[in-house]
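Asks: sequence and predicted model, in that order:
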Amino acid sequence: MAEPLKEQFFTSASMNKLADTLTKFYPVFDKKRFLNLVFDTSFKAKELKEKMHHTTECLHIVLPESYPEALEILKKAAPLITGFESLSLPDFVELCGMEDWDLSLPALKHFTRYSSSELAIRPFIAQDPERVMAFMNDLTEDENKNVRRFASEGCRPRLPWAMGLPGFKKDPGLILPILEKLKDDESEFVRRSVANNLNDISKDHPDLALDIFERWYGHSPKTDEIVKHACRTLLKAGNKRALILFGFSDPANMKVEKLKLDKEMISIGQDLRFSFDLCMNEKKKSRVRLEYIVHYVKAKGKISKKVFQIIEKEYAPGRHKISRKQSFIDMTTRKHYPGKHQIAIMVNGVEKSLISFDLM
């Protein structure tokens, strides 16, 4: 199993490097005190984000009490600080700079060139969304792609690992002008963020998102790519407007038969192979989106499902044999638990067949 992220960052080596970097720009930086503060008795048990916040609090203690003076040191050091450790710099702005927006907002723009300020901007958005979104709108024209991406990523309504923005979940209107300006951005890195933002919006406002998708699709290869990625949640849910947009046929005359597993019982850490026949009772070729759902048993016996894509292609009338393999190896992002699991096959958003197996 891969080493957890919390063990890969905020290590003794990386904290020493951070302290040495800050000393270059603040010669009286008390490295020994900083490291003693960081590596207290509770540090090892902290999760990754907790370690980040804890490091920020320790920086606040050791750096100058003056916020402008401390900020200037961090800004000079920013280009030399990498990894998750660099997130403590914008986090410092969130911790210490909520009362000084004229310094803090430009500082977040500076830090995001080398790291990411997408987490730290969110308390500012929650406090004054109109002011922050006017600032973010200006960032869409910056020459640096990291800054332009920040304009979209920082205001995502459902950004993972981040403070929620319930106001934007309810009304994403302030986000839309930014996405419009970035939809043809030269950087795929930026456009991917636009797609992820729209995917977030589609979870709360599917019709609004679909209106945008239908307007953008066919505008350019760049927007087609954005729309396809942004539509993933709606496609997995079998939304008819989304399926029609991409030319997927009505699955009424498509069947799944002979769904089989290579074994009915497997152990955690093993692979499971499954196969089925896709029966196309159509008169001509039809565009098909094939997916499968794994119904996982979780720690307390609850069921959590995850959708995996098999293929998108045109199938001719007749019977087509499909086979796939699913791994049940524990990962940092997914832990497996014993119990009765299920695999379901979906055709164009409609579940067509289901089979069970035991995970030991």
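Replies: Good, I have the coordinates.

Asks: return the distance of the helix or strand containing Asn196 from the chain's centre.
Replies: Per DSSP states H and E, Asn196 falls inside helix 188-204. Taking C-alpha atoms, centre = their mean, to the nearest Å, the mean C-alpha location of helix 188-204 is offset from the chain mean by 10 Å.

Asks: list the buried residues of it.
Replies: Across helix 188-204, burial judged by 16 or more other C-beta atoms under 10 Å covers 190-202. Every residue, glycine included, has its C-beta placed from N, CA and C.

Asks: that one packs against which elements?
Replies: With contacts taken as 3 or more C-beta pairs under 8 Å, 6 or more residues apart in numbering; DSSP states H and E, helix 188-204 sits against helix 145-153, helix 176-182, helix 206-216, helix 221-230, helix 232-236.

Asks: count the residues that sit near Pro123.
Replies: Using other C-beta atoms under 10 Å, Pro123 has 14 neighbouring residues.

Asks: give the contact list for it.
Replies: Residues near Pro123 by C-beta atoms under 8 Å, 6 or more residues apart in numbering: Glu94, Met98, Met163.

Asks: any idea how far it is from Leu105?
Replies: 12 Å (C-beta to C-beta, to the nearest Å).

Asks: can you check Thr11 too?
Replies: Plainly put, Thr11 is 32 Å away from Leu105 if you go by C-beta to C-beta.

Asks: next one: Pro79
Replies: On the measure of C-beta to C-beta, Pro79 and Leu105 end up 20 Å apart.

Asks: what segments of this protein are strands?
Replies: Per DSSP state E, the chain carries strands over the ranges 254-261, 265-266, 271-280, 286-297, 303-315, 318-327, 339-347, 350-359.

Asks: just checking: what are the partner strands of the last one?
Replies: Pairing partners of strand 350-359, with direction, according to DSSP bridges: strand 265-266 (parallel), strand 339-347 (antiparallel).

Asks: cool, the third one as well?
Replies: Looking at strand 271-280 with DSSP bridges, its paired strands and their directions are strand 254-261 (antiparallel), strand 318-327 (antiparallel).

Asks: make CSV from those strands and add mean neighbour count to it.
Replies: Formatted as CSV, the strands paired with strand 271-280 follow (neighbours: other C-beta atoms under 10 Å):
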stretch, mean neighbour count
strand 254-261, 16
strand 318-327, 13
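
Asks: what's the neighbour count on the nearest residue to Cys155 once chain neighbours are set aside?
Replies: Leaving aside its sequence neighbours, Cys155 sits nearest to Ile175 (C-beta to C-beta, 6 or more residues apart in numbering; 5.3 Å). Residues contacting Ile175 under the criterion other C-beta under 10 Å number 23.

Asks: any low-confidence regions in this protein?
Replies: Along the chain, segments meeting pLDDT under 70 span 1-6.

Asks: can you do 80?
Replies: Within the chain, the segments meeting pLDDT under 80 span 1-7, 332-333.

Asks: any idea which residue sits dead centre in it?
Replies: With distances taken as C-alpha atoms, centre = their mean, Pro160 lies nearest the centre of the chain, 5.3 Å away.

Asks: for that one, grab phi and psi.
Replies: Main-chain dihedrals, Pro160, degrees, to the nearest 10: phi -60, psi 150.

Asks: contacting residues for it?
Replies: With contact set as C-beta under 8 Å, 6+ apart, Pro160 has no partners.

Asks: and for the one 3 residues further on?
Replies: With contacts defined as C-beta under 8 Å, 6+ apart, Met163 is in contact with Leu119, Arg122, Pro123, Ala126.

Asks: before we move on, what about His205?
Replies: Applying C-beta under 8 Å, 6+ apart, we find His205 in contact with Pro172.
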